[in-house]
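Colleague: my questions are about this predicted structure, shown below with the sequence.
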Amino acid sequence: MKIAILGTRGIPNNYGGFEQFAEYLSVGLVEKGHDVTVYSPHFHDYKEPVYKGVRIKHIYSPEHVMGSSFGSFFYDYACLKDALKEKEKFDILYELGYTSVVPSYIWFNVKKLKTPVLITNMDGLEHRRPKFNRWVRCFLRWEEKMAIRYSSHIVTDNKAIHDYHLAKYGKESKFLAYGACMNRHYREQYLHEFNLTAGNYLLVIARMEPENNIEMIIKGYLESNMKDKPLIIVGRIKTSHGKYLVNKYRQSAGIRFINGIYDFEKLCALRHFSYLYFHGHSVGGTNPSLLEAMASGCFIAAHDNEFNRSILKENALFFHHQEDISRILSNMSTLSPATKNRIIACNLKVTQNGYSWEKLINDYEAYFLRLLSENHL
């Protein structure tokens, strides 16, 4: 198959979940013999035309002039326009996310496409993100509706998102979650770079956005009696919310901000040796950082919502408010090692059986092949 992956900030990943997903999926499909292209903005640090067998097509993005919110509409338009060119002859166009590509879907009237087969990954419920005002949320609800209408096929990465689209739009989707690497080699020496010791710190790894509830976690930590273990927060601090958090809390005792880390082994070590891992994501689907935490043997405290519950079941501690976080931290010493180990083992089994990258890549290959076969009938 000749496959194009669009809608990301490019590979290799130096940004977030969709980029990590695009990297692993594209490389995995190439290793299975397929021809894969990933579209990347021109400003991506990686400038070569090929990455681990994946063709990289750099497209100009005006983000540096217009900002990411507006610039992404023009970038996604340019990527889709290029991918639809006759000379490319793609079999599959896989669009990751819809929020900045819907106007292009309408402009090119992609619902009439027979080839290539267009698939949209619907990501999370964007209109629920608290960083957006009500007018933006209304626009996002319209975009969601249009993405459903114009997409020949949609993919959802979480059962709760799947059920939402089925109930609201009567649209069936293919449920395909993200993957996780089952890393078995954790190097404690990586902790030395951050002046940390195993089992003596709390960890958050997330994009600095309001819906990830980092401030709630910080407040809950500051109200708790667990001051002997620092709270380590890993994520790009250049977002507006990131700057707000750093300016407000960088002087608070125990709070340490570390900019984004994209060395996989280093991240795995930080996760594995943490005392408690916080996952505050509240509006997305299946978040890759949660799967990686599960696969790294973390003991997890997660925001209590349908998306996280669908993955973790009862194998975590859950919180709604900062008071819940304070209570969790205050009661951690009462949890027996056997209870913690049982919960960690359950999450490891879940990721091994249902969320390995090998399984996911095989599932995607089978799904793409099935769609192509049906398309040629």
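Modeller: Looks like it came in fine.

Colleague: residue 189 - how many residues pack around it?
Modeller: By other Cβ atoms under 10 Å, 7 other residues sit near residue 189. To be clear about C-beta, it is placed using only N, CA and C from the backbone, and glycine gets the same treatment.

Colleague: what about it, distance to residue 233?
Modeller: 22 Å (Cβ to Cβ, to the nearest Å).

Colleague: same question for residue 154.
Modeller: Distance check for residue 154 against residue 233: by Cβ to Cβ, it reads 34 Å.

Colleague: neighbour count: the two, which is higher?
Modeller: When residue 154 and residue 233 are compared on other Cβ under 10 Å, the one with more neighbours turns out to be residue 233, at 25 against 22.

Colleague: in contact with the closest residue to the more buried one other than its chain neighbours, which residues are there?
Modeller: With Cβ to Cβ, 6 or more residues apart in numbering as the criterion, residue 233 has its nearest non-adjacent residue at 4.7 Å, and that residue is residue 204. For residue 204, the contact set (Cβ atoms under 8 Å, 6 or more residues apart in numbering) comprises 214, 217, 231-235, 277-278, 280.

Colleague: before we move on, what about residue 272?
Modeller: Taking Cβ under 8 Å, 6+ apart as the definition of contact, the neighbours of residue 272 are 183, 186, 296-298.

Colleague: sorry, back to before: for the residue nearest to residue 233, helix, strand, or coil?
Modeller: For residue 204, the secondary structure call by DSSP: H, G, I helix; E, B strand; the rest coil comes out as strand.

Colleague: and it, bridged to which residues?
Modeller: Note on residue 204: beta-bridge partners residue 233, residue 278, judged by DSSP bridges.

Colleague: so how far is residue 289 from it?
Modeller: Between residue 204 and residue 289 the distance is 9 Å, computed by Cβ to Cβ.

Colleague: before we move on, what about residue 79?
Modeller: Using Cβ to Cβ, one gets 25 Å for the distance from residue 79 to residue 289.

Colleague: show me where the stretch 151-300 of the chain has its strands.
Modeller: In order along the chain, the stretch 151-300 of the chain carries the following strands (DSSP state E, counting those that start in this stretch): 153-156, 174-175, 202-205, 231-234, 255-258, 276-279, 300-303.

Colleague: give me whichever of the ones you listed is most buried.
Modeller: Of the strands of the stretch 151-300 of the chain, the one with the most neighbours on average (mean count of other Cβ atoms under 10 Å) is strand 276-279, at a mean of 26.

Colleague: low-confidence stretches in the stretch 1-150 of the chain?
Modeller: Within the stretch 1-150 of the chain, the stretches falling below the threshold (pLDDT under 70) are 124.

Colleague: show me where it has helices.
Modeller: In chain order, the stretch 1-150 of the chain shows helices spanning 17-31, 63-66, 68-83, 102-108, 134-150, with DSSP state H, counting those that start in this stretch as the criterion.

Colleague: surely residue 253 and residue 227 touch.
Modeller: Yes. With contacts defined as Cβ atoms under 8 Å, residue 253 counts as touching residue 227 at a distance of 6.5 Å.

Colleague: tell me which of those two has more neighbours.
Modeller: Between residue 253 and residue 227, counted using other Cβ under 10 Å, residue 227 has the larger neighbour count: 12 against 9.

Colleague: so what's the more buried one up against?
Modeller: Neighbour list for residue 227: 253-254 [criterion: Cβ under 8 Å, 6+ apart].

Colleague: confidence score at it?
Modeller: pLDDT, residue 227: 81.

Colleague: roughly how far apart are it and residue 150?
Modeller: The gap separating residue 227 from residue 150 is 53 Å, by Cβ to Cβ.

Colleague: one more: residue 139?
Modeller: If you measure residue 139 against residue 150 using Cβ to Cβ, the figure is 16 Å.

Colleague: kindly report the same for residue 172.
Modeller: Distance of residue 172 to residue 150, computed by Cβ to Cβ: 16 Å.

Colleague: these two: who's more crowded?
Modeller: The neighbour count for residue 172 versus residue 150, taken as other Cβ under 10 Å, is higher for residue 150 (21 against 12).

Colleague: report the contact partners of residue 32.
Modeller: Listed by Cβ under 8 Å, 6+ apart, the contact partners of residue 32 are 361, 365.

Colleague: go again with 6 Å.
Modeller: Residues touching residue 32, when contacts are defined by Cβ atoms under 6 Å, 6 or more residues apart in numbering, comprise residue 365.

Colleague: separation between it and residue 1?
Modeller: In this structure, residue 32 lies at 9 Å from residue 1, with Cβ to Cβ as the measure.

Colleague: go on, residue 198?
Modeller: If you measure residue 198 against residue 1 using Cβ to Cβ, the figure is 44 Å.

Colleague: so between those two, which is more surrounded?
Modeller: Legend: neighbour count by other Cβ under 10 Å for residue 198 and residue 1, higher for residue 1 (18 against 13).
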